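Trainee: sequence first, then the predicted structure, then my questions.
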Amino acid sequence: MAKPNVHGLPQHLRKDGAGYFLDYFVREDGLRRRKRVRLGNIPLAQAKRILAQSMGDMAEEKYLAPDKPQVGFFAAADAFLAYSKARKKSHERDIYRVQLFKDFFGDRPLDSLSPDLVEAFLVHRREKGQLSHPGRPVAEGTLNLDIAILKALVSRAVLNRMIDRDPIRGVKKFKANFRNRTLEPEEYRRLLEKCSSHLKPIVQLAYLTAMRCGEILKLRWEQVDFKNRVIYLEAADTKTQEKREVPLTEELLDLLKQVPRTLGSPYVFTWKGQTMGTIKTAFKRACRQAGVLDFRFHDLRHCAVTNLRKAGVSDSVIMSISGHKTHAVFRKYDRVDREDRLAALEKAKALNDTNMTRTAKGK
């Protein structure tokens with residue numbers, strides 16, 4: 001305890017004509033405010049006992065602070081969606097998942113969430129299965145997205161002082177099995193043969209540049225610089241919200257020059273004069289007809305990254321083309337296969353042979 005104050009009383013205890021009172025500070029709306037609590041004309045010994053009983057809370061600057069109204073889950077969820085709409089390109093995905101949270105958790109007090117309650121939600125998600133494919137289990141990668149968004153929702157609430165602590169701290173993600181599917185050259189050839197005329201250049205662009213599907217479908221002619229052989233992607237065009245340049249080879253330049261332009265449309269790829277929202281059905285059909293199994297459009301991004309690495313391009317250059325922000329994410333797209341491992345041993349053998357030869361000549 002600090003030294004006695006000017007009246008010879010312990011810290012936080014004061015006296016005036018009306019008797020003893022407590023003098024302390026509390027936190028309100030993030031500000032430090034002074035508070036006084038009247039004890040009345042009571043004996044000094046009694047006032048000191050009240051002070052001693054209150055010192056623990058005073059040390060945390062919250063003694064007798066006004067009760068903070070409990071924030072319900074719905075209020076925190078709506079606040080997160082407002083942030084998501086302003087900041088995130090995945091806002092529509094967030095809306096879907098936040099509704100799942102609301103349906104399960106209800107409008108309970110936000111600070112009543114717990115790790116066990118989150119685990120119960122994940123079990124419920126597994127048992128319910130996919131909405132689009134009833135009976136098909138929800139993948140652990142999907143559950144990891146649920147966890148990430150729920151954690152972000154709660155973190156925003158803590159940041160906005162809706163609650164004082166994170167009640168689901170410690171909830172861990174599943175160890176996801178990342179896809180590592182790439183195309184053999186023969187598979188790629190067959191796939192292109194079965195692609196419709198409007199789908200083929202889209203597939204080629206993804207396979208050669210690692211551009212995402214959304215980046216390609218929303219590509220505008222003004223972004224294509226034929227003279228400097230580059231596609232300009234602004235921050236608003238990319239998932240990571242960082243602008244980048246995608247280089248164009250002669251093959252890609254010729255490919256884009258052959259794409260017919262739709263009068264009145266700024267977009268490169270259109271279908272019947274309209275912007276294409278999705279190519280999922282057409283791509284699945286092409287894969288089925290080509291006999292290419294267990295392959296998704298996003299796997300073309302894996303193909304591009306892996307092919308660039310096999311060609312000897314450095315990771316930093318590949319990442320600048322593909323738009324990967326971290327090596328951790330980048331490595332998920334770079335497939336190391338049997339040929340890579342064999343080539344590594346052959347390179348090591350060649351180096352050893354060279355060193356042995358030099359050693360023998362030096363004797």
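Mentor: Right, received. Where do you want to start?
Trainee: got the CA coordinates for stretch 144-156 in PDB?
Mentor: The C-alpha trace of stretch 144-156 is given here as PDB (Å, rounded to 0.1, in the frame of the first residue of the first chain):
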ATOM      1  CA  ASN A 144     -11.300 -24.700 -40.100                       C
ATOM      2  CA  LEU A 145     -12.900 -21.800 -42.000                       C
ATOM      3  CA  ASP A 146     -15.800 -21.900 -39.500                       C
ATOM      4  CA  ILE A 147     -13.300 -21.700 -36.600                       C
ATOM      5  CA  ALA A 148     -11.400 -18.900 -38.300                       C
ATOM      6  CA  ILE A 149     -14.500 -16.700 -38.800                       C
ATOM      7  CA  LEU A 150     -15.900 -17.400 -35.400                       C
ATOM      8  CA  LYS A 151     -12.500 -16.400 -33.800                       C
ATOM      9  CA  ALA A 152     -12.400 -13.200 -36.000                       C
ATOM     10  CA  LEU A 153     -16.000 -12.400 -34.800                       C
ATOM     11  CA  VAL A 154     -15.000 -12.700 -31.100                       C
ATOM     12  CA  SER A 155     -11.700 -10.900 -31.600                       C
ATOM     13  CA  ARG A 156     -13.600  -7.900 -33.200                       C
END
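Trainee: let me see the mean pLDDT of it.
Mentor: The average pLDDT for stretch 144-156 rounds to 95.
Trainee: and if you look at stretch 223-238?
Mentor: 90.
Trainee: do stretch 22-39 as well
Mentor: 73.
Trainee: the closest residue to residue 183 other than its chain neighbours is in what secondary structure piece?
Mentor: In this structure, residue 183 finds its nearest non-sequential neighbour in residue 303, 5.4 Å apart by CB to CB, 6 or more residues apart in numbering. Where you see a C-beta, it was placed from the backbone N, CA and C, and this is true even at glycine. Assigned by DSSP states H and E, residue 303 belongs to helix 299-310.
Trainee: continuing past that helix, what's the next helix or strand?
Mentor: Scanning forward in sequence from helix 299-310 by DSSP H and E, the next helix or strand is helix 315-322.
Trainee: how far out from the middle of the chain is that following helix?
Mentor: 20 Å (CA atoms, centre = their mean, to the nearest Å).
Trainee: mind listing what's buried along it?
Mentor: By neighbour count with 16 or more other CB atoms under 10 Å, helix 315-322 contains the buried residues 318-319, 321-322.
Trainee: how about stretch 274-294?
Mentor: Applying 16+ other CB under 10 Å to stretch 274-294 flags 276, 279, 282-283, 286-287, 290, 292 as buried.
Trainee: who's in contact with it?
Mentor: Stretch 274-294 has contacts (CB atoms under 8 Å, 6 or more residues apart in numbering) with 181, 183, 187, 190-191, 193-196, 198-199, 202-203, 213, 217-218, 265, 267, 269-270, 295, 297.
Trainee: try stretch 219-234
Mentor: Under the criterion CB under 8 Å, 6+ apart, residues 209, 211, 215, 237, 243-249, 253, 256-257, 261, 266-269, 323 lie in contact with stretch 219-234.
Trainee: hang on, the earlier thing: show residues contacting the helix holding residue 303.
Mentor: 179-183, 188, 203, 206-212, 315, 317-318, 321-322, 324, 330, 333-335, 340.
Trainee: all strands of the chain, in order?
Mentor: Secondary structure of the chain (DSSP state E): strands at 13-16, 19-28, 31-40, 224-225, 230-233, 244-247, 270-271, 274-275.
Trainee: residue 164: which of these is closest?
Mentor: Between residue 164 and the strands of the chain, the tightest spacing by CB to CB is seen for strand 19-28, at 9.6 Å.
Trainee: what residues does residue 115 make contact with?
Mentor: 168-171 are the contacts of residue 115 under CB under 8 Å, 6+ apart.
Trainee: how about the nearest residue to it, chain neighbours excluded?
Mentor: Once flanking residues are discounted, residue 115 sits nearest to residue 171: 5.0 Å by CB to CB, 6+ apart.
Trainee: show me where pLDDT drops low in the stretch 151-300 of the chain?
Mentor: The model of the stretch 151-300 of the chain has pLDDT under 70 over residues 176-177.
Trainee: excluding sequence neighbours, find me the nearest residue to the residue nearest the centre of the chain.
Mentor: The centre of the chain sits closest to residue 148, judged by CA atoms, centre = their mean, with a distance of 7.1 Å. Counting by CB to CB, 6+ apart, the nearest residue to residue 148 once its immediate chain neighbours are dropped is residue 173, at 7.3 Å.
Trainee: redo the strands of the chain as a markdown table? Include distance to residue 54.
Mentor: Formatted as a markdown table, those follow (distance: least, CB to CB, whole Å):
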| stretch | distance to residue 54 |
| --- | --- |
| strand 13-16 | 10 |
| strand 19-28 | 7 |
| strand 31-40 | 9 |
| strand 224-225 | 70 |
| strand 230-233 | 60 |
| strand 244-247 | 59 |
| strand 270-271 | 72 |
| strand 274-275 | 66 |
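Trainee: out of these, which is closest to residue 88?
Mentor: strand 230-233 (17.6 Å).
Trainee: and the closest one, what's buried?
Mentor: Going by neighbour count (16+ other CB under 10 Å), the buried part of strand 230-233 is 231, 233.
Trainee: then stretch 207-220?
Mentor: Result for stretch 207-220 [16+ other CB under 10 Å]: buried residues 207-213, 215-219.
Trainee: between those residues, which is nearest residue 9?
Mentor: Using CB to CB, the buried residues of stretch 207-220 come closest to residue 9 at residue 212, 68.8 Å.
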